[in-house]
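Participant: I need the structure of the sequence given here:
(one chain, ligands or ions: 2)
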Amino acid sequence: MKVLVIGQGGREHALCWKLKNSPSVERVYCAPGNAGTALEATNVDIGSTDVERLVQFAKSERIDLTVVGPEASLVAGVVDAFQAANLRIFGPTKKAAELEGSKIFSKELMRKANVPTAEFQSFSRHQDAVTFLEDREETPLVVKADGLASGKGVFVCSNRQEALDAVKQIMLEQAFGESGKKIVIEECLHGHEASILAIVDGNTILTLEACQDHKRAYDGDTGPNTGGMGAYCPTPLITDELMDEIVEKVLVPTAHFMNVEERPFKGCLYAGIMVTNQGPKVLEFNVRFGDPETQPVLMRLKSDLGLLLKAAADGKLADFGPAEWDPRPAVCVVMAADGYPAAPKKGAPIRGLDEAAELPDAKVFHAGTIRRGDDIVADGGRVLGVTALGSDFAEAKLNAYQAVKCIRWQGGWCRKDISDRARSYLD
Ligand code: AMP
Ligand code: GLY
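Facilitator: Ligands and ions are numbered 1, 2, ... in the order given. Sure, this is the predicted structure:
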């Protein structure tokens, strides 16, 4: 097969790498890609939301399968346009992508489907949200912009004033533009978070092995929220019993109700789960592969990813059988640029990538990188996802940090404790 991957982050580099190594795949293209995807695939200079040109390219190159990375492409309707042109594509339609594109849609669907999640109310008028907050007892609450906000539209507030400030920022100051015209205010959940990714073909659900990411910027899970400073797979937090419960109470009813709503879900369904004292509850749905979760997940996947995603796109996942996994855990350490997450500095040349590439059981996935002449330079906040396998978490962590040690650029930094939490569940 000829495969096109849409996107330009670490997730897309991992997808290109795994697809390139899939026996069913002859050739991989990536639009627009980064300096890392260029090592696995042919980069094509088309933006990830330039739907018309993506369709034209897939037609003229006779692409057999297109795989969509970012939510923005899905919400822009790339899947609808490909389907209208009779092109095979893995990902949800625009209507199904509302599950991530609108928090209100997703919360209401969960309410109808009886999926466990935080209690919530939605608001489209600032004054109504203020009255709601002033009238109720003061408790920690979470305020969320309804639309996409690159992961920044969620405010976990410990008191009423913080919640009022969040509502003001989103609705009056329009910090997220149109995405903040409506908001959700919900109960604050407590527990441990996990990322459950599943391949769904509209009817059949194939869960990938569970992961956890580290969202906070600094060691000990402190500091500001980020897109994710590292991730690992599997996680001992999610036992087989818990995974069965998540499939039964979350994934099956969600896929079913998406059919009832005439928005059949095909693609990667990502449930952000809080494991609470009352069992697993959904924090949010994403309609795409997680970043950086995809990097350690795909490091461990042994099945042919091309065949898996083709089967899902064709609605034939039931014929695919269970996925095969490397039993060893994988740990991904994100290396970020100076100033991330507030104001990352771009442009520093990155050294030591070749040295790191020689280490066994390690793979450096590029996120924000670009080639300038002979140099690969930092071109984003999260720059690299250094990922490694090991016989246990301690060894996987050691292998990942050994690869990190080879790499240096001015201002490049990472957390030092990625995956320690996984080991804490085993103690
Ligand atoms: P979301 O984009 O909805 O996943 O929110 C981003 C992060 O905010 C999550 O990963 C959680 O850490 C936190 N969060 C979201 N909703 C809640 C909630 N109801 N209770 C506690 N934390 C939450
Ligand atoms: N790692 C979080 C996300 O992909 O949204």
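Participant: where does residue 333 land in three-state SS?
Facilitator: The three-state label for residue 333, taken from DSSP: H, G, I helix; E, B strand; the rest coil, comes out as strand.
Participant: after the helix or strand where residue 385 lies, next one along is what?
Facilitator: Assigned by DSSP states H and E, residue 385 falls within strand 382-389. Scanning forward in sequence from strand 382-389 by DSSP H and E, the next helix or strand is helix 393-406.
Participant: Which residues of the stretch 101-250 of the chain lie near ligand 1?
Facilitator: Taking CB under 6 Å from any ligand atom as the criterion, the stretch 101-250 of the chain approaches ligand 1 at residues 118, 142, 144, 151, 154, 156, 186, 188-189, 193, 215. Where you see a C-beta, it was placed from the backbone N, CA and C, and this is true even at glycine.
Participant: model confidence over the strand holding residue 385, on average?
Facilitator: For strand 382-389, the mean pLDDT works out to 98.
Participant: So what does the residue nearest in space to the middle of the chain have for phi and psi?
Facilitator: The C-alpha lying nearest the average C-alpha coordinate of the chain belongs to residue 290 (CA atoms, centre = their mean; 1.7 Å). Residue 290 adopts backbone torsions of phi -80, psi 150, taken as degrees, to the nearest 10.
Participant: Cross-check the contact I'm expecting between it and residue 9.
Facilitator: No - Residue 290 lies out of contact with residue 9 (CB atoms under 8 Å); the separation is 10.8 Å.
Participant: Which element, helix or strand, includes the residue of the stretch 251-400 of the chain found nearest ligand 1?
Facilitator: Here the stretch 251-400 of the chain gets closest to ligand 1 at one residue, residue 284, 3.3 Å apart by CB to the nearest ligand atom. Using DSSP H and E, residue 284 sits in strand 279-286.
Participant: Give me every residue in the stretch 101-250 of the chain that's in contact range of ligand 2.
Facilitator: Counting by CB under 6 Å from any ligand atom, the stretch 101-250 of the chain sits next to ligand 2 at 151, 213, 228.
Participant: Can I get the residues you listed in CSV including secondary structure and neighbour count?
Facilitator: Shown next, in CSV, are these (DSSP: H, G, I helix; E, B strand; the rest coil; neighbours: other CB atoms under 10 Å):
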residue, secondary structure, neighbour count
151, coil, 16
213, strand, 25
228, coil, 23
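Participant: Relative to its centre, which residue of this structure is most distant?
Facilitator: residue 135 (36.3 Å).
Participant: hey, where'd the helices end up in the stretch 251-400 of the chain?
Facilitator: Using DSSP state H, counting those that start in this stretch, the helices assigned to the stretch 251-400 of the chain run over residues 252-260, 294-300, 305-313, 353-357, 393-406.
Participant: How about residues contacting the second one?
Facilitator: For helix 294-300, the external contacting residues (CB atoms under 8 Å, 6 or more residues apart in numbering) are 10-11, 13-15, 17-18, 197, 208-209, 211, 231-234, 289, 305, 325-326, 328-332, 363, 365, 385, 387-389.
Participant: what comes up buried for it?
Facilitator: 294-300 (16 or more other CB atoms under 10 Å).
Participant: that older thread, what's the strand holding residue 284 in contact with?
Facilitator: 71, 99-100, 103, 106, 110, 115-118, 189, 191, 193, 242, 245-246, 249-250, 254, 269-274.
Participant: In helices, which of those fall?
Facilitator: 71, 99-100, 103, 106, 110, 242, 245-246, 254 (DSSP state H).
Participant: what number of residues lie near the residue nearest to residue 33 when sequence neighbours are not counted?
Facilitator: If the residues on either side of it in the chain are set aside, residue 33 comes closest to residue 43, at 3.6 Å by CB to CB, 6 or more residues apart in numbering. Using other CB atoms under 10 Å, residue 43 has 20 neighbouring residues.
Participant: ok, now which ones touch residue 43?
Facilitator: Applying CB under 8 Å, 6+ apart, we find residue 43 in contact with 29-34, 37.
Participant: need the residues you listed in TSV with pLDDT and secondary structure, can you?
Facilitator: Formatted as TSV, the contacts of residue 43 follow (pLDDT from 0 to 100; DSSP: H, G, I helix; E, B strand; the rest coil):
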residue	pLDDT	secondary structure
29	98	strand
30	98	strand
31	98	strand
32	98	strand
33	98	coil
34	98	coil
37	98	helix
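Participant: Closest one to residue 53 out of those residues, please.
Facilitator: When these are ranked by distance to residue 53 (CB to CB), residue 31 comes first, at 8.4 Å.
Participant: wait, that closest one sits on residue 6?
Facilitator: Yes - here residue 31 reaches residue 6: they are 5.5 Å apart, a contact under CB under 8 Å.
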